[in-house]
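Asks: how would this look folded up:
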Amino acid sequence: MKFSLARDIVPDLHATTANENHETELIEDISKGLRAFSPNIEVGEKGSWLLDPSGMSELYVDILTWARSIQQYLRGRRWVSTLTIGFNRHRLEALSSMCPAKASHSSITHSIVIYRCPDDEKKQTGEVDLDALQITPFLREMLSDLQIYTVNDLLKLPADEIQSHLGSEAKLLYERFSDNSPLPLQPTHEQDEVGVSLGVEPPDDDLARLLFGIKTGLHDLLGQIRNRYRALMTLHCVFHLEHGGTHEERIEPSNTTRDEQFLLELVRLRLYNAMLSDRISLIHLSATLGAYSMEQNVFITEKTAVRNATSAKHTLAQLRAAFGNESVSKAYIRDGHLPEARFKWIHFDSFLKCSSEMDRREHSEAFTVDKPYQPLVRRLLNKPQLLASQDPTKPAKGPELPDETIVHLYGPYRIHGGWWNRMIERDYYYAETTTRAIHWIFFDAQRNNWFLHGHLD
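Replies: Sure thing, here's the model as predicted:
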């Protein structure tokens, strides 16, 4: 809107040059403060915010108390505000442009307007002057020529003819105040990542000195996280090398945390094994955020004492930091024809937590030692190892183990099938040696060779 047109609406209007960057920072600052009263906030047209009060009833006595808390916060920041509370977002945006004194059918308390009934909200919206809305001067003049001055006047027009006679802007304005379902709230949430950068001058590759600088960066990073009432879930470290290139590390703590010393120890373990090709000139630390909880997780069985899983989780986190995130994994049982296809390794990130007495009983029974036959514990090779045959002309006669002599074979246990992909015929044996070791071997009839597949504990 031009300043001259604005002066016609508000004669005592004053203006100054606006800085777009300052305006953006101001909007972000106010939005951050309002998130203390609702996690779902949408920045509306200039100077307006839409808040969703759902779920706030557990923290505030009623909606008026919630509104007064927001008003008190804004007043403390020296902002003049009017809170309009109701049911339809578009109608509330229009009503918020009115002077509170005009809303005579509402409950007014210190610039807080509350519409208790949707019909009252709709009735009051109909009296809103179109000049108070954010519409283009061209549409305003066109509606004025047709003697359409209020929302009620606009809604009296035939809906099917607005698009063709007045254009798409008028059609959109008409739909906003009609009885159609309003657009749901489009909340903008805080970014789930924060970061800090540290310059290293002169470039250095000494671990002790680098950790001293990283400690300062972690302190600043965790300060930002605490201000958001969150915790660190993943730490991303990017090391910029002196002559170009970067080295990146991703560190996962055992749980969301704000523990600076623990994170520094994980970084030390990771850097101790890192192979840096050059000195470091810049360090960038960023964090993926998660919920912060003080809950201590424990796992319980009937035959063991209660143990605190936090220490075990910290130990696993240190192993990941030292040897990589894939170094801690667990076997996941799945359907498969071959033994090596009946499980896969997946990322291990949590302990078993028994949720009921039945869970604890089943977990305990799975580890009892009074059964007549216990499951065999096999150590499988990543890939079956080819073995020499006792008689190369007759491979099926028997295998030879390197450095050991087989004294007895237990078996065979046949696996046959795979016709849908590739025919498989394996005869598995347990091979006992002179050293009392037991190996798991098989004869592949299709390839006419012996293979070592694993060992028994």
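Asks: what's in contact with the host helix or strand of residue 173?
Replies: Taking DSSP states H and E as the criterion, residue 173 maps to helix 168-177. With contacts defined as Cβ atoms under 8 Å, 6 or more residues apart in numbering, helix 168-177 is touched by 90-91, 94, 125, 133, 135-136, 139, 142-143, 151, 154-155, 157, 159, 162-163, 182. The C-beta positions use only the backbone N, C-alpha and C, and glycine is treated the same way.
Asks: same thing but 6 Å
Replies: 90, 139, 151, 154, 162, 163 (Cβ atoms under 6 Å, 6 or more residues apart in numbering).
Asks: quick one: which of these has the most company?
Replies: residue 151 (26 neighbours; other Cβ atoms under 10 Å).
Asks: surely that one meets residue 128?
Replies: Yes. Using Cβ atoms under 6 Å, residue 151 makes contact with residue 128 at a distance of 5.0 Å.
Asks: mutual contacts of these two, please.
Replies: With Cβ under 6 Å, 6+ apart, residue 151 and residue 128 have no common neighbours.
Asks: and residue 146, how many neighbours?
Replies: Neighbours of residue 146 under the rule other Cβ under 10 Å: 12.
Asks: measure it to residue 153 for me?
Replies: According to Cβ to Cβ, to the nearest Å, residue 146 stands 8 Å off from residue 153.
Asks: how about the helices of the protein, start to end?
Replies: In order along the chain, the chain carries the following helices (DSSP state H): 3-9, 20-34, 63-76, 89-95, 118-126, 137-145, 151-155, 159-166, 168-177, 207-227, 260-272, 309-323, 357-365.
Asks: got a list of contacts for the longest one?
Replies: Think helix 207-227. 194, 196, 198, 232, 258, 260, 263-264, 267-268, 271, 285, 287.
Asks: in JSON lines, list these along with distance to residue 224.
Replies: What follows is these, written out as JSON lines (distance: Cβ to Cβ, whole Å):
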{"residue": "194", "distance to residue 224": "5"}
{"residue": "196", "distance to residue 224": "8"}
{"residue": "198", "distance to residue 224": "14"}
{"residue": "232", "distance to residue 224": "10"}
{"residue": "258", "distance to residue 224": "11"}
{"residue": "260", "distance to residue 224": "13"}
{"residue": "263", "distance to residue 224": "14"}
{"residue": "264", "distance to residue 224": "17"}
{"residue": "267", "distance to residue 224": "17"}
{"residue": "268", "distance to residue 224": "22"}
{"residue": "271", "distance to residue 224": "23"}
{"residue": "285", "distance to residue 224": "11"}
{"residue": "287", "distance to residue 224": "8"}
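Asks: pull out the buried residues from the residues you listed.
Replies: Neighbour counting by 16 or more other Cβ atoms under 10 Å classes 194, 196, 198, 232, 263, 264, 267, 268, 271, 285, 287 among the contacts of helix 207-227 as buried.
Asks: quick check: bridge partners of the second one?
Replies: On DSSP bridges, the residues paired with residue 196 through beta bridges are residue 285.
Asks: next up, the contacts around it.
Replies: By Cβ under 6 Å, 6+ apart, the neighbours of residue 196 are 217, 220, 221, 285.
Asks: count the neighbours of the second one for me.
Replies: In this case it means residue 220. The burial count for residue 220: 15, using other Cβ under 10 Å.
Asks: got a pLDDT number for it?
Replies: In this model, residue 220 is scored at 93, pLDDT.
Asks: got any ranges where the stretch 101-250 of the chain has weak pLDDT?
Replies: 101-110, 181, 189-192 (pLDDT under 70).
Asks: look up how far residue 404 lies from residue 428.
Replies: On the measure of Cβ to Cβ, residue 428 and residue 404 end up 18 Å apart.
Asks: higher neighbour count, those two?
Replies: More neighbours surround residue 428 than the other of residue 428 and residue 404, with 17 against 13 (other Cβ under 10 Å).
Asks: was I right to think the more buried one contacts residue 442?
Replies: Yes. Residue 428 lies in contact with residue 442 (Cβ under 6 Å); the separation is 4.5 Å.
Asks: so how far is residue 403 from the closest residue to residue 69 other than its chain neighbours?
Replies: Spatially, and ignoring its direct neighbours in sequence, residue 69 is nearest to residue 37 (6.4 Å; Cβ to Cβ, 6 or more residues apart in numbering). Using Cβ to Cβ, residue 37 is found at 73 Å from residue 403.
Asks: now do residue 246
Replies: 47 Å.
Asks: more neighbours: the two, which one.
Replies: Each of residue 246 and residue 403 has its neighbours counted (other Cβ under 10 Å); residue 246 has more, 11 against 6.
Asks: residues touching that one, list them.
Replies: 238, 240.
Asks: give me the beta-bridge partners of residue 84?
Replies: Judged by DSSP bridges, the bridge partners of residue 84 are residue 113.
Asks: ok, now which ones touch residue 432?
Replies: Contacts of residue 432 (Cβ under 6 Å, 6+ apart): 407, 408, 438.
Asks: so which of those residues comes closest to residue 79?
Replies: residue 438 (78.2 Å; Cβ to Cβ).
Asks: any idea of the pLDDT on that closest one?
Replies: pLDDT, read off for residue 438, is 91.
Asks: identify the residue nearest it in space, chain neighbours excluded?
Replies: residue 456 (4.2 Å).
Asks: ok, residue 142 to residue 133 distance?
Replies: Taking Cβ to Cβ, one finds residue 142 at 14 Å from residue 133.
Asks: repeat for residue 88
Replies: In terms of Cβ to Cβ, residue 88 sits 15 Å off from residue 133.
Asks: over to residue 96?
Replies: 11 Å.
Asks: so which of those two has more stuff around it?
Replies: residue 96 (22 against 18).
Asks: low pLDDT regions in the stretch 301-450 of the chain?
Replies: 301-309, 348-375, 418-421.
Asks: and the strands in it?
Replies: Along the stretch 301-450 of the chain, counting by DSSP state E, counting those that start in this stretch, strands occupy 307-308, 329-333, 343-347, 378-389, 399-400, 406-417, 424-433, 438-444, 449-456.
Asks: buried deepest among those, which one?
Replies: Among the strands of the stretch 301-450 of the chain, ranked by average contacts under mean count of other Cβ atoms under 10 Å, first place goes to strand 438-444 (a mean of 21).
Asks: put the alpha carbons of that strand into PDB.
Replies: In PDB, the C-alpha atoms belonging to strand 438-444 read as follows (Å, rounded to 0.1, in the frame of the first residue of the first chain):
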ATOM      1  CA  ILE A 438      34.000 -78.800  16.500                       C
ATOM      2  CA  HIS A 439      33.700 -77.200  13.100                       C
ATOM      3  CA  TRP A 440      30.600 -76.900  10.900                       C
ATOM      4  CA  ILE A 441      31.300 -78.000   7.400                       C
ATOM      5  CA  PHE A 442      29.300 -79.100   4.400                       C
ATOM      6  CA  PHE A 443      29.700 -80.900   1.100                       C
ATOM      7  CA  ASP A 444      28.300 -79.000  -2.000                       C
END
